[in-house]
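Chemist: Got a predicted structure plus its sequence, pasted below:
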Amino acid sequence: MTDVEERGLFIDGKFVPSESGATFPVFNPHTDEVFSKVAQAGEADAEAAIDAARAAFDGPWGALTPKDRGKFLLKLARIIQEEGESLARLEAKNTGHPIHDVRRFDLVRTVDWFEYFAGMATKIQGDVIPSSFKGVLNYTLREPLGVVGQIVPWNFPLMFVAWNVAPALAAGNTVVLKPAEYTPLSALEVARMAQKAGIPAGTINVIPGKGSVVGALLARHPGVDKICFTGSVEVGKQIIQASASNLKKPLLELGGKGPNVIFEDADLDAAVQGSLFAAYHNQGQACIAGSRLLVHESIWDAFVKRFTERVRSIRIGDPLEETTQLGPLTSKDHQKKVLGYVDVAKGEGAQILFGGRVPGTPETARGYYVQPTLVRADNPKMRVCQEEVFGPFITITPFIDDQAAVDMANGVPYGLGAGFWTRDLRRAHRIAAQLKAGMVWVNSYKLVDPASPFGGSKMSGMGREFGFETMREYTQVKSVWIGYDFQPWKWPE
C-alpha cells in the first residue's frame, strides 16, 4: 500500500465508496501519522451488505456442497499464506504488533483457522434418534442460520477475521463483518483475497464504520440471523439488548482479567518465561492476558527478582524492526487509558515496581508507547486488580496457600482464562477444577487451537468459539420424522 491510499467498503464482491462519501483516517501507532483512509459505512451501506449476504446465502454460496465450501476456504488459506509477508507488515504497521510476532502467531493462526474449518465443512452432521414409536425414523439435520453479523476488535484484527469468518462460512452461512475503526485494513485485505479465491460475491462483506451506527444496526436488524461480538462488557450488554428485537442468539467474547498463579513448587525459569509472554505479548492487549500474577510468599523474592530483570530487558521500538519485542499501543486514546491506571494504582497505595511511563526515547517519542509496567498490589480488591486494563500493565500479589490463591483467582467479575504453574499432578487437577474460567492452562499460558473451545464464564461472555462447539453456534438443529410404516393415530369418534 502506498501512503494515504484510500480503501473502499467491500460489498457484494466489489470495493465501493460509502454512500455518503465519508472516510476516516487510519493511523500508524509508531509515528502518529495517517497512512490510509477508509470509506466509512453508514446504515445504507450496512443494509446493502446485508442484502448482498442474503442473496449469496439464498443463491451461489448456499447452493454449494460442504465439500466445495471447504475447497474455497482452503484456497483462501493458500492465498493468505502466499501473500503472508505483505499482510504481516500491513498488520504490524496498523496495530503496532511486532512483526516477528505477527509472523509466528497472527499469520500462522489465520492460515491454520481457515485450513481447519475448511476440513470442518464436511464434518457437520446430525444424529439418528432412537424412537419410541414403531415404523418411525427420527433424525436431525444441522443447517446454517443464514446471514451472520460479526463485530471484531482492534487488538488482533487479522486473526479475529479468521476466527469469526472461517467457521461461519464452513457452516454454510454468509457474513457481514464490521472491523474496528482503528484497524480495518487486514479485514479488507482478506476480503480482497476471498475475491481472488473466487468465493461468490456477497458471501463476505466488510463494512468499516462506527460501532454505534453499523454495529448497532447489525445487532438489531431482522435480516441478520446471528450476531457475534468480541469486545467490552459494556458494549456486549448493548448487543444483547439490541439483538432481542428479533431474538437472534448472540455469541459474545468479552473481557478478561486472567490470574496467573505461581505455586511454591513451580519451575521458576519456565514460570518466568511463560508469565512474561502471558503478560506482555501484543503489549498486553489481549482478553486472555495473564494480567494478575499471584505468587506464593515463600518464593516471592526469587520470582520477583527474576521476573523484573526480564521485564527490564524487553526491547521497545518500531514494530517493523525485527528485534522489537514490545511495540506501541494501537491507539492514542488507549495509551491515555493505560497510563491513567498508573495514577489509579498510585492512588490506591500500590507500588510501581517497574514502568508506568512512556519510554522517553527519540525512537518512540511520536508513538503510542507505554513501558512494560509491573505493579505490586497486596490488596486483590484494588481497582487495578479487578478492572481490565488491556495493556502492558500487570499486578503482582503474594498469597499464603492454595485456597487463598483460588479465592484471589476467582475473585473478579471475569472468567475467561486462568493459568498456574506447579509440579504437583494432584494439585494441577484439583486447582484446574476449582478455577472459574472457560480455559485453564497448567504450566503454560495462552495456548489456543482451532479444535479447542474458546470462551468464558461470568462477565466474559456467552457461547464458545472453535472446534465442534462453534459449529453448534453457527448452525441450527432440525428434527425430521419419517413414518415409513407408521399407522397414524385415529381421531376419537
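Modeler: Ah, there it is.
Chemist: Need the phi and psi values for residue 478.
Modeler: Main-chain torsions, residue 478, degrees, to the nearest 10: phi -120, psi 130.
Chemist: ugh, wrong one, I meant residue 340
Modeler: Per-residue torsions, residue 340: phi -60, psi -30 (degrees, to the nearest 10).
Chemist: For it, list the residues it contacts.
Modeler: For residue 340, the contact set (Cβ atoms under 8 Å, 6 or more residues apart in numbering) is empty. All C-beta atoms are positioned from the backbone trio N, CA, C, and that covers glycine.
Chemist: quick one: pLDDT of it?
Modeler: With respect to pLDDT, residue 340 scores 98.
Chemist: Next, work out how far apart it and residue 384 are.
Modeler: To residue 384, residue 340 is 11 Å away according to Cβ to Cβ, to the nearest Å.
Chemist: Mark out where each domain of this protein begins and ends.
Modeler: By the assignment in automatic domain parsing, the chain contains the domains 5-254+460-479, 259-442.
Chemist: Now render the ones you listed as TSV, adding distance to residue 485.
Modeler: Listed next are the domains of the chain as TSV, based on distance: least, Cβ to Cβ, whole Å:
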stretch	distance to residue 485
domain 5-254+460-479	3
domain 259-442	46
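Chemist: Of these, which is nearest residue 492?
Modeler: Closest to residue 492 of the domains of the chain is domain 5-254+460-479 (Cβ to Cβ; 19.1 Å).
Chemist: chain center to that closest one, what's the gap?
Modeler: Centre-to-centre, domain 5-254+460-479 and its host chain are 12 Å apart (Cα atoms, centre = their mean, to the nearest Å).
Chemist: How about stretch 397-414?
Modeler: With Cα atoms, centre = their mean, you get 26 Å for stretch 397-414.
Chemist: let's have the chain start at 24 instead
Modeler: Shifting the count to begin at 24 puts that one at stretch 420-437.
Chemist: strand partners of the host helix or strand of residue 29, parallel vs antiparallel please.
Modeler: Assigned by DSSP states H and E, residue 29 belongs to strand 28-30. Here strand 28-30 has these sheet partners by DSSP bridges: strand 56-62 (parallel).
Chemist: picking that back up, residues contacting the strand holding residue 29, please?
Modeler: 38, 46, 59, 60, 61, 62, 207, 208, 211.
Chemist: hmm, which of the residues you listed are the buried ones?
Modeler: Neighbour-count burial (16 or more other Cβ atoms under 10 Å) applied to these gives 38, 46, 59, 61, 62, 207, 208, 211.
Chemist: from those, which is closest to residue 477?
Modeler: Ranked by distance to residue 477 (Cβ to Cβ), these are led by residue 207 at 23.3 Å.
Chemist: Can you report how many residues neighbour the closest residue to the closest one other than its chain neighbours?
Modeler: Leaving aside its sequence neighbours, residue 207 sits nearest to residue 231 (Cβ to Cβ, 6 or more residues apart in numbering; 3.9 Å). By other Cβ atoms under 10 Å, the residues close to residue 231 number 28.
Chemist: Equivalent analysis for residue 264, please.
Modeler: 11.
Chemist: and the gap between it and residue 239?
Modeler: Residue 264 is 10 Å from residue 239, where distance means Cβ to Cβ.
Chemist: give me phi/psi at the closest residue to residue 358 other than its chain neighbours?
Modeler: Counting by Cβ to Cβ, 6+ apart, residue 391 is the residue found nearest to residue 358 once chain neighbours are left out, at 4.1 Å. Phi and psi for residue 391, reported as degrees, to the nearest 10, are phi -100, psi 60.
Chemist: How about the contacts made by residue 391?
Modeler: Counting by Cβ under 8 Å, 6+ apart, residue 391 makes contact with 52, 55, 119, 351, 352, 353, 354, 355, 357, 358.
Chemist: And the pLDDT for it?
Modeler: pLDDT, residue 391: 98.
Chemist: do the same with residue 515
Modeler: On pLDDT, residue 515 comes in at 87.
Chemist: What's the separation between it and residue 157?
Modeler: With Cβ to Cβ as the criterion, residue 515 and residue 157 are 21 Å apart.
Chemist: Residue 58 contacts residue 49, doesn't it?
Modeler: Yes. Between residue 58 and residue 49 there is a contact under Cβ atoms under 8 Å: 6.5 Å.
Chemist: The two: who's more crowded?
Modeler: A direct count of neighbours by other Cβ under 10 Å for residue 58 and residue 49 places residue 49 higher, at 21 against 18.
Chemist: close enough to count as contact, that one and residue 117?
Modeler: Yes. At 6.5 Å, residue 49 counts as touching residue 117 under the criterion of Cβ under 8 Å.
Chemist: and for these two, which residues touch both?
Modeler: Residues touching both residue 49 and residue 117 by Cβ under 8 Å, 6+ apart: 59, 205, 206, 208.
Chemist: What about those, which are in helices?
Modeler: residue 208 (DSSP state H).
Chemist: Sitting in helices, which of the contacts of residue 391 do you find?
Modeler: Among those, the members falling in helices (DSSP H) are 355, 357, 358.
Chemist: residue ranges for the strands of the stretch 174-323 of the chain, please.
Modeler: Per DSSP state E, counting those that start in this stretch, the stretch 174-323 of the chain carries strands over the ranges 197-201, 227-229, 249-253, 273-276, 282-285, 315-319.
Chemist: of all these, which lies closest to residue 479?
Modeler: The nearest among these, by Cβ to Cβ, is strand 273-276 at 7.4 Å.
Chemist: For that closest one, which strands pair with it and how are they oriented?
Modeler: Using DSSP bridges, the strands paired with strand 273-276 are strand 249-253 (parallel), strand 484-485 (antiparallel).
Chemist: between the longest one and strand 197-201, how many degrees?
Modeler: Taking axes from the mean of the first three to the mean of the last three Cα atoms, to 10 degrees, strand 249-253 and strand 197-201 form an angle of 40 degrees between their directions.
Chemist: what comes into contact with strand 249-253?
Modeler: Counting by Cβ under 8 Å, 6+ apart, 168-176, 183, 187, 191, 196, 238, 241-242, 258-259, 262, 266, 271-277, 310, 496-497 sit against strand 249-253.
Chemist: Please export the C-alpha coordinates of that strand as CSV.
Modeler: The C-alpha atoms that make up strand 249-253 are tabulated as CSV, following Å, rounded to 0.1, in the frame of the first residue of the first chain:
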residue,chain,number,x,y,z
LYS,A,249,-26.9,-14.2,14.3
ILE,A,250,-24.7,-11.5,15.9
CYS,A,251,-21.1,-12.2,17.0
PHE,A,252,-19.1,-9.6,19.0
THR,A,253,-15.7,-9.5,20.6
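Chemist: Excluding chain neighbours, what is closest to the residue positioned nearest the centre of the chain?
Modeler: In the chain, the centroid-proximal residue (Cα atoms, centre = their mean) is residue 183; its distance is 5.1 Å. Nearest non-adjacent residue to residue 183, counting by Cβ to Cβ, 6+ apart: residue 175, 4.1 Å away.
Chemist: got it, and residue 307?
Modeler: Computed as Cβ to Cβ, 6+ apart, the closest residue to residue 307 that is not its neighbour in sequence is residue 415, at 4.3 Å.
Chemist: and what of residue 113?
Modeler: Leaving aside its chain neighbours, residue 113 sits nearest to residue 208 (5.7 Å; criterion: Cβ to Cβ, 6+ apart).
Chemist: in terms of contact, does the one you found touch residue 49 like I think?
Modeler: Yes. With contact defined as Cβ under 8 Å, residue 208 reaches residue 49; the gap is 6.3 Å.
Chemist: picking up where we left off before, figure out which of the domains of the chain is closest to residue 473.
Modeler: domain 28-277+483-502 (3.8 Å).
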